[in-house]
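Student: When you get a sec, could you give me coordinates for this:
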Amino acid sequence: MKTALLFGVHAHQPAGNFPEVLDKAHELCYRPFLETLHRFPDFKFAVHFSGPLLDYLLELYPDDMRLLTEMVARGQVELFGAGDTEPVLAAIPHRDRLAQLAALSAKLERLFGARPTGAWLTERVWEATVVAALVESGIRYVTVDDYHFLCAGKGAAELTGHFATEEGGARLDLYPISEGLRYRIPFAPAEDAVAFVAAQAGAAVYFDDIEKFGIWPETHEWVHQKGWLERFVRGVLASDRIETLAFCEHHSRSASRGIAYLPTTSYIEMNEWTLPAPAAHAYAELVAREKEAGRYEAEKPFLRGGIWRNFLSRYPEANWMHKRMLQLSDRLADLPETLQSERLRRLLHLAQANDAYWHGLFGGLYLPHLRRAVYRALVALEAELDELAPRAERQQIDLDNDGIEELFLRAGVLQAVVKLDGSASFVELDAYALAQNFGDTLRRHAEHYHRKALEAQRAHPGGEGIASAHDRVRAKHAIAPEDLATDGHGRSSFRDTWVDASGHEYPLADYELLPAGPVEPAASFRAQCGPGRIEKLVLVQGSRVTVTWFLRGLADGTFRTELNLAMPSCDGPAGRYLLRGEIAGGFGQPLDVEGVNELVLDDQFMGGAVAILASRPATVRARPHVTVSQSEDGFEKIMQCATIALAWPLGAGRHELSVALRIGKTGAG
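Tutor: Just a heads-up that it's a prediction; the model follows:
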């Protein structure tokens, strides 16, 4: 009996990614992949394109998309569904799962005349709670890793076809993706990969990122220029022991191999990435010991790491963004159906794109432009919801469920969110006209891979083939020990410090919220500072946010406040400091000036500016806030925001200081 090769690829680029990245991906991977397989009509395969990427390719590269259309029409290609903007289905409400799945399925039916019955699970994150939405959406089967089945106690020899599962009586079938194929395709010689397929009993299932066929390091030359893909396809078609089938064909002619209930998990690498650094160190050392002892392959199902949702507990910034998304999802759902427009749903779906919510070798939490795409959608959605269903100008809730409440202060075009953790600092600052959250930054977290970043680059593995991105250790930027320092708290704005005459610093972390006064939206705070007292007033009004401090009973010293402002240009050429109308440097450069009453952060990419207006001349120290993260290209430094400290030396007595942020459009592109 022949082995049924069920071959599938998943094509995705994050919403908000740079057009030049998409164009390069198309040139190196999508175009040559489609052109090669179009020449072999007998090689059947499945493909999933995420919605935003599909829209982009259809608009800019219609000729290549016509190849895909032809392959669908002749039965060579089976299209797989998913959430339209590539959300992790388990992380969004059931109603949004249904809407996301329906959006992509309808798009595929409209464009290609084919409605999918199979679906790709984003990052292969499995939770049984997603079954109902998938089944209700017309999906009959999904692909998950064989590792998922091993974790449920199945033996590798049993995984020769699909299994059934159910949740609340709704049945969904599951295809186990072969890890052996994932690690051979396309990294091992093509002949070895074909031989591995031929040696499998029943069905050999491959479904993985198409980017491995041209975008990962060295793969374009290996897969296309040196002909790996064509040799593999020819080898499969020439084999008398292999037949290629669409998943729908196999599903219709093959019975389930029984019932299976899978644990909450993702692919094995993801389970490690979700762990905080100390646990990840312990996990890596355990895995290394088991590999050295020759026990790992037998024991790996029982050496599981964490689950995808750990990213929301590991990274408060991801959790905040996620809970803001849920907040607006609820507000949209509460609107009368007649007001729930396609535009509003589209904005919500864009805010649910998975990439900015997690971090590993590929996740984009560390990438400001991906988080910005989420916040751009959230801020735009919130502005439109406020028009349709106005909310209070002042609201106090614990949005992110961390046990500490936040105070939302909104006035027309601006919104400030103050954390009531004693710092009275801003965790979010939204300008609706610019669709920008200036609080969208990331603290320096401890990461498991940081200890690798200081090691010498490991030698390229020997033997034939090329190395997978998972096996590479290299540095895109030079990393020094000081680059890996971590932050003790989030990078918020208007975080205050008192420095006494001897230079000792007293962070002001005990502000208490005072009862609301008659002026809205405003908030007053009070903190003791040694023998003295500081009162802090936050006022959101028009296009300004103003913070005023009243200092009483303090001895000689220096008062300092720190701003962390996320500017879309980061360290790019379109962002610069303006001092007295002159360019004083870019956001990526240090800036030290004295006697400053006004400093403007002008961002031509955003088309707007933030003017910092001080009531008294201040000493300004501005620095780029940089984090170290990993990607398939290696360890890299990424600027997250501009950190600006304003300081005033003060004598004993009573003082009043204020800083206003005036935010608006500049008309620049």
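Student: Could you give the bridge partners of the nearest residue to Ala411 once chain neighbours are set aside?
Tutor: Excluding the flanking residues, the one nearest Ala411 by C-beta to C-beta, 6 or more residues apart in numbering is Val540, at 4.3 Å. Using the backbone N, CA and C atoms, a C-beta is placed for each residue, glycine as well. Counting by DSSP bridges, Val540 is bridged to Val545.
Student: my read: Val540 touches Pro521, true?
Tutor: Yes: shown here, Val540 and Pro521 form a contact pair, counting by C-beta atoms under 8 Å, at 5.0 Å.
Student: More neighbours: those two, which one.
Tutor: Using other C-beta atoms under 10 Å as the criterion, Val540 and Pro521 rank with Val540 on top: 25 against 22.
Student: Please tell me how far the more buried one sits from Val547.
Tutor: Computed as C-beta to C-beta, to the nearest Å, the Val540 to Val547 distance reads 10 Å.
Student: next one: Phe213
Tutor: Taken as C-beta to C-beta, the span from Phe213 to Val547 is 52 Å.
Student: Quick one: residues contacting the residue lying closest to Tyr366 once chain neighbours are set aside.
Tutor: Once flanking residues are discounted, Tyr366 sits nearest to Ser629: 3.8 Å by C-beta to C-beta, 6+ apart. By C-beta atoms under 8 Å, 6 or more residues apart in numbering, the contact set of Ser629 is 359, 366, 447, 635-636, 638.
Student: one more time with 7 Å, if that's ok
Tutor: Counting by C-beta atoms under 7 Å, 6 or more residues apart in numbering, Ser629 touches 359, 366, 636, 638.
Student: So the first one belongs to a helix, correct?
Tutor: Right, His359. No: applying DSSP: H, G, I helix; E, B strand; the rest coil, one finds His359 to be coil, outside a helix.
Student: Thought Leu365 was touching it, still the case?
Tutor: Yes: under the criterion of C-beta atoms under 7 Å, His359 is in contact with Leu365, at a separation of 4.2 Å.
Student: So which bits of the helix or strand Thr69 falls within are buried?
Tutor: Under DSSP states H and E, the secondary-structure element containing Thr69 is helix 62-73. Across helix 62-73, burial judged by 16 or more other C-beta atoms under 10 Å covers 64-65, 67-69, 71-72.
Student: pLDDT and distance to Gly553 added to those residues, as JSON lines?
Tutor: Output for the buried residues of helix 62-73, formatted as JSON lines (pLDDT from 0 to 100; distance: C-beta to C-beta, whole Å):
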{"residue": "Asp64", "pLDDT": "94", "distance to Gly553": "71"}
{"residue": "Met65", "pLDDT": "95", "distance to Gly553": "71"}
{"residue": "Leu67", "pLDDT": "97", "distance to Gly553": "76"}
{"residue": "Leu68", "pLDDT": "97", "distance to Gly553": "73"}
{"residue": "Thr69", "pLDDT": "97", "distance to Gly553": "76"}
{"residue": "Met71", "pLDDT": "98", "distance to Gly553": "77"}
{"residue": "Val72", "pLDDT": "98", "distance to Gly553": "76"}
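Student: got CSV for those residues, with distance to Leu79 too?
Tutor: Shown next, in CSV, are the buried residues of helix 62-73 (distance: C-beta to C-beta, whole Å):
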residue, distance to Leu79
Asp64, 15
Met65, 12
Leu67, 14
Leu68, 9
Thr69, 10
Met71, 10
Val72, 6
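Student: closest to Leu484 among those residues?
Tutor: Asp64 (42.5 Å; C-beta to C-beta).
Student: quick one: contacts for the nearest residue to Arg491 once chain neighbours are set aside?
Tutor: Excluding its sequence neighbours, the residue lying closest to Arg491 (C-beta to C-beta, 6+ apart) is Asn564, at 4.1 Å. The contact partners of Asn564, by C-beta under 7 Å, 6+ apart, come to 441, 491-493, 625, 641, 643.
Student: go on, Pro617?
Tutor: Contact partners of Pro617, counting by C-beta under 7 Å, 6+ apart, are 595-597.
Student: which SSE is Leu150 in?
Tutor: Counting by DSSP H and E, Leu150 is found in helix 146-151.
Student: Can you tell me what sits against that helix?
Tutor: In contact with helix 146-151 (C-beta under 7 Å, 6+ apart) are residues 126, 156, 159, 176-179, 260, 262-263, 265, 267-268, 301, 304.
Student: which helix is the longest one in this structure?
Tutor: Counting residues, the longest helix in the chain under DSSP state H turns out to be helix 368-388.
Student: which strands and helices sit next to the helix or strand just after it?
Tutor: As assigned by DSSP H and E, the chain's next helix or strand after helix 368-388 is strand 394-397. On a contact count with 3 or more C-beta pairs under 7 Å, 6 or more residues apart in numbering; DSSP states H and E, strand 394-397 meets strand 406-411.
Student: what angle do the strand it packs on and helix 368-388 make?
Tutor: Orientation of strand 406-411 against helix 368-388 (axes from the mean of the first three to the mean of the last three C-alpha atoms, to 10 degrees) gives an angle of 60 degrees.
Student: Past strand 406-411, which element shows up next along the chain?
Tutor: strand 414-419.
Student: Share the number of residues neighbouring Pro368, please.
Tutor: Using other C-beta under 10 Å, Pro368 is surrounded by 25 other residues.
Student: do Leu339 as well
Tutor: The number of residues packed near Leu339 is 12, by other C-beta under 10 Å.
Student: contacting residues around it?
Tutor: Leu339 neighbours (C-beta under 7 Å, 6+ apart): Leu388.
Student: again, only using 10 Å
Tutor: 332, 384-385, 388-389 (C-beta atoms under 10 Å, 6 or more residues apart in numbering).
Student: and what of Arg346?
Tutor: Contacts for Arg346 (C-beta under 10 Å, 6+ apart) come out as 51, 84-85, 103, 377, 381.
Student: from these, which is closest to Phe45?
Tutor: Phe45 has its nearest neighbour among the contacts of Arg346 in Gly51, at 20.1 Å by C-beta to C-beta.
Student: Pretty sure Leu134 sits against Leu101.
Tutor: Yes: under the criterion of C-beta atoms under 10 Å, Leu134 makes contact with Leu101 at 7.0 Å.
Student: Name the residues contacting each of the two.
Tutor: Joint contacts of Leu134 and Leu101 (C-beta under 10 Å, 6+ apart) are 81-82, 89, 119.
Student: For these, please prepare JSON lines with the additional fields distance to Gln327 and pLDDT.
Tutor: Below are these laid out as JSON lines (distance: C-beta to C-beta, whole Å; pLDDT from 0 to 100):
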{"residue": "Gly81", "distance to Gln327": "27", "pLDDT": "98"}
{"residue": "Ala82", "distance to Gln327": "24", "pLDDT": "98"}
{"residue": "Leu89", "distance to Gln327": "19", "pLDDT": "98"}
{"residue": "Ala119", "distance to Gln327": "27", "pLDDT": "98"}
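Student: hmm, which two among those residues are most spread apart?
Tutor: Going by C-beta to C-beta, the pair spanning those furthest: Gly81 and Leu89, at 11.2 Å.
Student: what sits in contact with each of those two?
Tutor: Joint contacts of Gly81 and Leu89 (C-beta under 10 Å, 6+ apart) are 100-101, 119, 134, 142.
Student: Would you mind putting the residues you listed into CSV with distance to Thr219 and secondary structure alongside?
Tutor: Output for those, formatted as CSV (distance: C-beta to C-beta, whole Å; DSSP: H, G, I helix; E, B strand; the rest coil):
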residue, distance to Thr219, secondary structure
Gln100, 30, helix
Leu101, 31, helix
Ala119, 26, strand
Leu134, 31, helix
Val142, 26, strand
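Student: Per-residue pLDDT of the residue nearest to Tyr366, please?
Tutor: Note for Ser629: predicted pLDDT of 89.
Student: could you measure it against Phe362, distance?
Tutor: Distance from Ser629 to Phe362, by C-beta to C-beta: 11 Å.
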